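Novice: I need the structure of the sequence given here:
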Amino acid sequence: GKRFIPEMRDIKVPEALGIVPAIGFLCCIIFAQWVFGKDDVEMMVTFNSALISVCFMVLLGFMDDVLDLPWRAKLILPLVATFPLLCTYSGSTSIV
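Specialist: As a prediction, this is how the structure comes out:
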């Protein structure tokens with residue numbers, strides 16, 4: 001980044017602006033869930049687990065922009081974000 005270039009240190013760059021489209025995306029998806037998916041409970045559980053995973057990844061991106069997380073955390077936290085999807089997956093898990 002810019003902190004290693006001495007002449008670029010004084011320029012203000014908004015880093016955490018990715019949260020704005022992410023919140024817009026989440027609002028649209030939650031609205032679509034509210035409008036279209038009121039009768040199928042099993043689909044809603046899977047849908048909500050996907051929303052939780054997306055929310056966690058948005059939070060990870062925001063935390064990375066604000067706190068400048070180390071690479072170890074960037075590799076481990078996406079694994080944690082997949083747990084809601086793994087818990088609700090009902091298909092085959094064998095690889096052939």
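Novice: which residue packs closest to the residue nearest the centre of the chain, ignoring adjacent ones?
Specialist: Residue closest to the average C-alpha location in the chain (Cα atoms, centre = their mean): Met57, at 2.1 Å. Taking Cβ to Cβ, 6 or more residues apart in numbering as the measure, Met57 lies nearest to Ala81, with 5.3 Å between them; neighbours along the chain are not counted. In short, each C-beta sits where N, CA and C put it, glycine included.
Novice: any idea how far Ala81 is from Gly37?
Specialist: Noted for Ala81: a distance of 22 Å to Gly37, by Cβ to Cβ, to the nearest Å.
Novice: ok, back up a step: I'd guessed the residue nearest to the centre of the chain sits against Pro78; true?
Specialist: Yes: between Met57 and Pro78 there is a contact under Cβ atoms under 8 Å: 6.8 Å.
Novice: quick one on the thing from earlier: settle it for me: which of Ala81 and Gly37 has more neighbours?
Specialist: Ala81 (17 against 13; other Cβ atoms under 10 Å).
Novice: tell me the contacts of that one?
Specialist: Going by Cβ atoms under 8 Å, 6 or more residues apart in numbering, Ala81 touches 53, 56-57, 60.
Novice: Tell me the gap between the helix ranked longest in the chain and the middle of its chain.
Specialist: Using DSSP state H, we find that the single longest helix of the chain is helix 41-67. Shown here is helix 41-67, whose average C-alpha point lies 4 Å from the average C-alpha point of the whole chain (Cα atoms, centre = their mean, to the nearest Å).
Novice: what does stretch 64-78 give?
Specialist: Chain-centre distance of stretch 64-78: 13 Å, with Cα atoms, centre = their mean.
Novice: Would you mind measuring the gap between the ends of it?
Specialist: Taking Cα to Cα, to the nearest Å as the measure, stretch 64-78 stretches 12 Å from start to finish.
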